[in-house]
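Undergrad: The sequence and its predicted three-dimensional model are supplied below.
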Amino acid sequence: SLSQPEREGMFHRGPGLNLTSGQYTAPIAGYYIFSTTLHIERREPRRKGQGCRGSRLRVLICVQSRCQHNSNLETVSRLESSGGSFTISVTGTLYLQAGQYASVFVDNTAGSPLTVQSGSDFSAVLLGV
């Protein structure tokens, strides 16, 4: 799981984060600062000539798994035609009602497999009500 602590001593406090589902559930209604940093390994496409032009990777933090324009945080990265490792981050503020959850989504249009590597993180902090 993306948010699973790798070793003892990694920061994890509060009841809202479910390490199995990767969801943060708001204990109270309010504005929350969300942040994710994903370390991603991308393998080269299997065949040369596979449409790599315009390939992009979107990383989103969405409320209730609904990634509509006004209820998510999003960043888009253009992908080079070769494989390799890179890091992509999203940070911003979302309003959640008590009991609503937010989680990270990766939208891969590249056609080549991606692996989210250890050391990636997802966090939420209550900013105010």
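TA: Received it, and whenever you're ready, just let me know what you need.
Undergrad: Quick check: pLDDT value at the residue positioned nearest the centre of the chain.
TA: Nearest residue to the geometric centre of the chain (CA atoms, centre = their mean): V104, 3.4 Å. pLDDT recorded at V104 is 94.
Undergrad: who are the neighbours in contact with it?
TA: 2, 22, 36, 38, 59-61, 90, 122 (CB atoms under 8 Å, 6 or more residues apart in numbering). Using the backbone N, CA and C atoms, a C-beta is placed for each residue, glycine as well.
Undergrad: Need the nearest residue in space to it, chain neighbours excluded.
TA: T36 (5.0 Å; CB to CB, 6 or more residues apart in numbering).
Undergrad: Give me the three-state assignment for that neighbour.
TA: Of the three states, T36 takes strand under DSSP: H, G, I helix; E, B strand; the rest coil.
Undergrad: Okay, strands next: where are they in the chain?
TA: 17-18, 23-25, 30-42, 56-63, 72-78, 84-96, 101-108, 114-116, 121-128 (DSSP state E).
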